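> Compute the structure for the input listed below.
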Amino acid sequence: MQSNIEVLVAYALGGGAFAAFALLPWIRRIPLDMHRVWASEYQNYQPFLRDTSELDISKASKFAIVIGAALLCLGLAFVRGASLDTAMLCVLLLGWILLTAINVRHELLPDRILLALLWLGLLYRASTGPASDNVLGAVSGYLAPWLVTTAVRSNTGRDIVGHGDLKAFAVTGAWFGWAALPTVYVAFVVASLLTAIVFALRDAHHKRAVPSGPAHMAAAMVAMLGYRIF
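I've put the predicted structure just below:
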């Protein structure tokens, strides 16, 4: 029993850290690719980058991402046990870490990552059993908040979530099915409020949009751990 736990710890920590380390260059590369494509395709493009030096990641941030990913994968392995499903959820978790790192720095939720996670979730669920709940989850995950934000926009002229957020909800719905969505939405709102407080305290003299990536990641983690409010 002890040896099994040691193997689980070794694989979770080692695999999570190695995968996160391999993803580090993409935190820089994906926003740079997006910047170059938009600059060449759109005449009225307002760059989100003033200088490519803004893409540089400090050693402390790299260390925090790698260690954080390893610990989160380890926690997930302890809660859910060693299985293919746990390994796939760790892949999803690493995808959210990559998304969150980019979102916090540049306020982007790249389609390149979101669509890859969406299709990976649907294909994985379809390969292991009926996936109708997951397909419905992907559709509902996008459609429900879209209807809400459309209604709000018609009355106030403002969007409460962006298109990237809608796709992010679709990703979580694809992985965990439509029944998980009420919990995901509640967790997202709570995590968004906490994120807003943290950023307000940290950047009291510099107003900036509150990134939604941390809240999406928190909501996805709640779903990964199997919590449901209904």
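
> what ranges do the helices span in the chain?
2-41, 59-80, 84-106, 111-128, 132-156, 163-176, 181-202, 213-224 (DSSP state H).

> For Phe230, which of those helices is the nearest?
helix 181-202 (5.6 Å; Cβ to Cβ). (Each C-beta comes from the backbone N, C-alpha and C, glycine too.)

> Please compute how far stretch 24-35 lies from its chain's middle.
16 Å (Cα atoms, centre = their mean, to the nearest Å).

> what's the closest non-adjacent residue to the residue at minimal distance from the centre of the chain?
Compute the mean C-alpha point of the chain, and by Cα atoms, centre = their mean the closest residue is Trp96, 3.1 Å away. Nearest residue to Trp96, sequence neighbours excluded (Cβ to Cβ, 6 or more residues apart in numbering): Met217, at 4.3 Å.

> With Tyr142 instead?
The shortest distance from Tyr142 to any non-neighbouring residue, by Cβ to Cβ, 6+ apart, is to Ala170 (4.1 Å).

> Number of residues surrounding that neighbour?
Using other Cβ atoms under 10 Å, Ala170 is surrounded by 25 other residues.

> Tell me the predicted confidence for it.
Note on Ala170: pLDDT of 97.

> Give the full set of residues in contact with it.
Leu114, Leu118, Ala138, Val139, Gly141, Tyr142 (Cβ atoms under 8 Å, 6 or more residues apart in numbering).
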